[in-house]
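1. Quick one: sequence and predicted model below, then my questions.
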Amino acid sequence: VLMRAPLLALLALAGAFGLSACATTPMVEPVASMDTLQALQTSGLAPIRVGAFKPDAALPPGKDRSINSRASTIKPPTGKSFAAYLGQTLEAELKGAGKLDAASPLEVTGFLTESTLDSAGFVTANGALAARFVVTRGGAVVYDKVLRVEATWDSNFIGAIAIPAAINNYNALYPKLARALLQDPDFVAATKG
């Protein structure tokens with residue numbers, strides 16, 4: 001009987017960790033980041049419009065709609081895909097810097113090629129995001145390149161700690177990839193006014 005009390009306490013604790021981990025979490029709507037705004041102020045980038053962002057044909061099915069962090073599922077905002085979310089993030093960054101123009105002859109479109117999150121480890125976790133960006137000027141392609149960003153962060157045995165860290169770090173990959181595009185010398189050269 002005395003042995004059952006610690007066992008029951010351990011099971012209750014494990015159950016609490018499990019319940020805190022089983023959830024679906026939508027990502028937050030993107031906003032312009034200060035790092036990107038500062039980078040764009042001196043870039044000489046001409047105003048540009050954001051076109052369609054879609055999953056690449058090589059992206060495994062379902063990777064554009066949800067991603068798992070242990071027992072928790074991360075989803076893009078309602079009605080969106082991760083590819084569309086990347087386009088929305090880029091749009092927010094450009095708008096915040098005054099570089100978004102729906103009438104511009106320059107248009108950027110994209111294809112999400114990679115979306116990964118590994119938070120199963122108890123020491124570290126990692127994620128990566130990649131996309132092929134295409135810029136056209138008056139219909140002619142002036143830029144076509146795949147860019148990739150990744151992140152590694154401290155993880156934890158406790159899901160209630162590890163899962164929010166995974167969500168925050170995965171979410172941060174989107175502005176990081178947008179910034180990688182906007183600071184890419186080839187992109188800047190192709191889009192200067």
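-> Everything's here; your move. This structure is a prediction, so every number in the text was calculated from the model and none was measured.

2. For the nearest residue to Leu117 once chain neighbours are set aside, give the beta-bridge partners.
-> Counting by CB to CB, 6 or more residues apart in numbering, the nearest residue to Leu117 once its immediate chain neighbours are dropped is Gly127, at 4.4 Å. C-beta coordinates here come from the backbone N, C-alpha and C atoms, glycine included. Gly127 has these beta-bridge partners by DSSP bridges: Leu117, Ala151.

3. Is it correct that Gly127 is in contact with Ala166?
-> Yes. Contact between Gly127 and Ala166 holds when scored by CB atoms under 8 Å: they sit 7.4 Å apart.

4. Quick one, grab the pLDDT at the residue nearest to Leu117.
-> In the predicted model, Gly127 carries a pLDDT score of 93.

5. Strands of this protein, start to end?
-> Read by DSSP state E, the chain holds these strands, from start to end of the chain: 24-26, 49-55, 67-69, 72-75, 106-118, 124-137, 140-154.

6. so how far is the longest one off the chain centroid?
-> In terms of CA atoms, centre = their mean, to the nearest Å, the gap separating the centre of strand 140-154 from the centre of its chain is 11 Å.

7. next one: the fourth one
-> Put simply, strand 72-75 sits 13 Å off its chain's centre (CA atoms, centre = their mean).

8. Geometric centre of this protein: which residue is closest?
-> For the chain, Tyr174 is the residue whose C-alpha lies nearest the centre (CA atoms, centre = their mean; 3.1 Å).
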